[in-house]
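J.: my questions concern the predicted model and sequence given below.
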Amino acid sequence: MKTNELISMLSSQVDPVDTREVVRNVRIAILVGAAVSLLAVVFVLGVRTDLNEIHAQNFVFAKLAFSLSVVILASHYLVKYIRPGGEFRARFALTVLPFLAAMVVAAINLAAAPRSHWETMVFGSYWLECLIAIPMVAVLPFVAIMWAVRLAAPTDLLRTGALAGLVAGGVSATAYALHCMDDLLPFVALWYGGTIVLCTIAGAALGPRLLRW
């Protein structure tokens, strides 16, 4: 058999590839991770008891606006990075925008308050719980996301892992917002933002190990 004939025969037997399947897998993994995180918060930590009050709802919505913006932006870039060479077609610098916005609003709040209130505004009552809970809950969506990402063929393993950690941290913070009673924006900027960054760093460290072909 001639080479051209062999190539023609092999190419005719190749099934068409659904290029959207990888993206669909990652999105499903994010949704599964979000559902599991929500269940973990509801049944292990519990939902805050004042959610029926308008002021509490407003604070929760503010937290969700921050965490969900992180999830949406990070997910957008993650589905680009999981494809071979995707890092050359996408730059995820825009993922810092929610953090910058939160820091600006927090700084304005602190500037408008007496210095004697700053410690309470920044540390609240449950900073240690927040520091522990968000990274721990983030393990659940991170595992689901990394499983889906491994089915793809990312080439920039460090940044892909970082984005997976960023999404997982954002998902965890979204679920934790339904439990957390500390509502002041400086607290949210530091402890929600800081723990999501910790998840991102952990994802960057684990990415090259877990995603290696």
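T.: Structure received.
J.: against residue 36, how distant is residue 206?
T.: Distance from residue 206 to residue 36, counting by CB to CB, to the nearest Å: 19 Å. Yep, even glycine has a C-beta here, placed from its N, CA and C like the rest.
J.: same deal with residue 22?
T.: 21 Å.
J.: and residue 115, what's its pLDDT?
T.: Residue 115 carries a pLDDT value of 92.
J.: what's the answer for the one 4 residues further on, then?
T.: Taken from the predicted model, the pLDDT recorded for residue 119 is 94.
J.: again, but for the one 5 residues further on
T.: Model confidence at residue 124, given as pLDDT, is 91.
J.: that one contacts residue 182, doesn't it?
T.: Yes. Between residue 124 and residue 182 there is a contact at 3.4 Å, judged by CB atoms under 8 Å.
J.: what sits in contact with each of those two?
T.: Common contacts of residue 124 and residue 182, defined by CB atoms under 8 Å, 6 or more residues apart in numbering, comprise residue 191.
J.: could you find the closest non-adjacent residue to the residue positioned nearest the centre of the chain?
T.: Centroid check for the chain by CA atoms, centre = their mean gives residue 167 as the closest residue, at 1.7 Å. Nearest residue to residue 167 in three dimensions, chain neighbours excluded: residue 74, at 4.5 Å (CB to CB, 6 or more residues apart in numbering).
J.: and stretch 177-189, how far out from the chain's middle?
T.: 17 Å (CA atoms, centre = their mean, to the nearest Å).
J.: outside of it, which residues touch it?
T.: Stretch 177-189 is contacted by residues 38, 41-42, 45-48, 51, 56, 59-60, 62-64, 66-67, 99, 102-103, 105-106, 109-110, 118, 120-127, 129-130, 133, 191-192 when judged by CB under 8 Å, 6+ apart.
J.: can you name every helix or strand that the top helix by length along the chain contacts?
T.: Under DSSP state H, the helix in the chain containing the largest number of residues is helix 54-81. Counting contacts by 3 or more CB pairs under 8 Å, 6 or more residues apart in numbering; DSSP states H and E, helix 54-81 packs against helix 21-40, helix 97-111, helix 157-176, helix 193-210.
J.: quick one: those as JSON lines, columns for distance to residue 148 too.
T.: Formatted as JSON lines, the helices and strands packed on helix 54-81 follow (distance: least, CB to CB, whole Å):
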{"stretch": "helix 21-40", "distance to residue 148": "4"}
{"stretch": "helix 97-111", "distance to residue 148": "23"}
{"stretch": "helix 157-176", "distance to residue 148": "9"}
{"stretch": "helix 193-210", "distance to residue 148": "12"}
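J.: looking at the ones you listed, which is buried most?
T.: helix 157-176 (a mean of 28; mean count of other CB atoms under 10 Å).
J.: relative to helix 97-111, how tilted is that helix?
T.: Per axes from the mean of the first three to the mean of the last three CA atoms, to 10 degrees, the angle that helix 157-176 makes with helix 97-111 is 50 degrees.
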